[in-house]
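**Student:** When you get a sec, could you give me coordinates for this:
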Amino acid sequence: MTVVVNKELALKIEQAEIDMLSSRLKAIQNIEGNPMGVEIQTFGSATAFLSQNIPGPSFNTIKGLRAGDEQYLEQILEFYQQKKIPVQFELTPAHTSKELLTYLSKLGFYQIDFHTTLYKQLIDEPFEETTNITIRKLNENEFDLFGKIYTKGFQMPEFLSSGVAQNNRILYSIPGWTFYLALIDERPAGIGVLFSKNQVATLAAAATLPFERNLGVQSALIKERMLDASRKENKLIVGQAKFGSISQNNMEKSGMKIAYTKAIWVKG
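**Tutor:** Model prediction:
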């Protein structure tokens, strides 16, 4: 049976995002002394993620806000204002309303971006192999390599590599997380991450070294994670990408379909 997008499916997909980020940040929070200053709180249907010492919106965001949650907005703002962290809302078209958007606007918020969410029903299907690309599980002692590929792939400062390595190494033994290394002719070229919970798998992260791009690394990583997710008895795989990006294109080429486009709202 073909899985089509409705409000129930949209809720399941959004919950998969919340589950993944919750698992990641709870692991970071559990580091002795909580050095990253992680906090997670729920307000009505919304989950607010906050990390004082990890800059940027990825770990400082609100997911799951729905129509009817207007009464919690002042509490959410106070939660972030106390830590002097900018507020970002990720809103899906399935669960917003004219009233919610109007109220956010009155509070000084506006939309600054779109972000694509994709999905695919997992079924047993053959994938064409790329002969010179090998995908294998990342070993526990290879997270320094993971950090280097990740930071170079996203053009981040090199000094952040060790932090990326640490914040992912702690997930290695946590149920649901799987890490992958892509090699071209035996040389490391890219990394990928998969998170699974409640029979929904999430393409959690991926990066390719700049000089190894346009060779099929990301497509191979997506296909391998789909196969692995199916082996783990997941029924659905989801992923997120910047609208119209190469990442979105690669997911679509692998058979994933657009579920919805999230609206990103911030305060002016």
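
**Student:** helices and strands around the longest helix along the chain, which ones?
**Tutor:** Counting residues, the longest helix found in the chain (DSSP state H) is helix 7-29. The helices and strands touching helix 7-29, judged by 3 or more C-beta pairs under 8 Å, 6 or more residues apart in numbering; DSSP states H and E, are strand 38-43, strand 46-51, strand 61-63, strand 109-121, strand 187-197, strand 200-208, strand 236-242, strand 257-267. The C-beta positions use only the backbone N, C-alpha and C, and glycine is treated the same way.

**Student:** Figure out how far the fifth one is from the centre of its chain.
**Tutor:** Same thing as strand 187-197. Strand 187-197 has its C-alpha centroid displaced from the chain centroid by 12 Å (C-alpha atoms, centre = their mean, to the nearest Å).

**Student:** Also the shortest one?
**Tutor:** On the basis of C-alpha atoms, centre = their mean, strand 61-63 sits 12 Å off its chain's mean C-alpha point.

**Student:** Just the C-alphas of the next helix or strand after that strand, formatted as CSV.
**Tutor:** For strand 61-63, the following helix or strand on the C-terminal side (DSSP states H and E) is helix 73-81. Output in CSV follows, covering the C-alpha atoms of helix 73-81 (Å, rounded to 0.1, in the frame of the first residue of the first chain):
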residue,chain,number,x,y,z
LEU,A,73,4.4,31.1,23.9
GLU,A,74,5.3,33.5,26.7
GLN,A,75,6.7,30.7,28.7
ILE,A,76,8.8,29.5,25.8
LEU,A,77,10.1,33.0,25.2
GLU,A,78,11.1,33.3,28.9
PHE,A,79,12.8,29.9,28.8
TYR,A,80,15.2,31.2,26.1
GLN,A,81,15.5,34.8,27.3
